[in-house]
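Undergrad: Need coordinates for the following:
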Amino acid sequence: MAYLTEIDARHLMEEARLASENTYSPYSKFPVGAAVLTRNGNITRGCNVENASYGLTICAERIAIGNTLSMGIKDIVAIAVYTPVGPVPPCGACRQFIYEFGPDIVVVFNHGEEMLQKTISELLPFAFRF
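TA: Below you'll find the model as predicted:
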């Protein structure tokens with residue numbers, strides 16, 4: 001699987017940034033947005049949704065993938081993760097969640113001033129699988 005072009009990666013990251021504007025994060029003040037690119041070119045968004053019972057909080061990546069699946073689409077090519085707070089790749093739980101839909105999914109995230117692209121297999125080399 002090849003990485004996205006610079007233009008496509010920036011566009012997907014902008015979609016993730018827009019998603020972060022809808023976050024519900026009153027406890028952590030840590031807004032996160034995600035955007036999923038499917039093989040047919042659709043982009044779906046998700047944002048983190050917190051809960052006073054913190055274990056019930058749902059990450060932006062999982063919501064974006066859930067939104068994609070709810071449209072009947074399972075062919076995910078890439079996902080971008082954005083937060084204005086700092087550079088953050090997907091958490092461990094989200095890495096496993098993303099991997100469920102393909103080992104070659106490209107993950108786009110900021111690392112300082114640099115935008116990185118890694119496959120989910122690169123981010124989670126020993127994924128849990130049957």
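
Undergrad: Wait, a helix at Glu122?
TA: Yes: under DSSP: H, G, I helix; E, B strand; the rest coil, Glu122 sits within a helix.

Undergrad: Tell me the pLDDT of it.
TA: Looking at Glu122, its pLDDT reads 97.

Undergrad: again, but for the one 3 residues further on
TA: The per-residue pLDDT reported for Pro125 equals 96.

Undergrad: same deal with Val88?
TA: You'll see Val88 listed with a pLDDT of 86.

Undergrad: where's it, which helix or strand?
TA: Under DSSP states H and E, no helix or strand contains Val88.

Undergrad: Can you give me the neighbour number for Ala52?
TA: 8 (other C-beta atoms under 10 Å). Where C-beta positions appear, they are placed from N, C-alpha and C, glycine not excepted.

Undergrad: Helix, strand, or coil at it?
TA: Secondary structure state of Ala52, per three-state DSSP, is coil.

Undergrad: Over to the one 3 residues further on?
TA: When the structure is split into helix, strand and coil by three-state DSSP, Gly55 lands in helix.

Undergrad: Residue ranges in this structure under the pLDDT threshold?
TA: For the chain, applying pLDDT under 70 flags the ranges 1.

Undergrad: Thanks a lot, see you next time.
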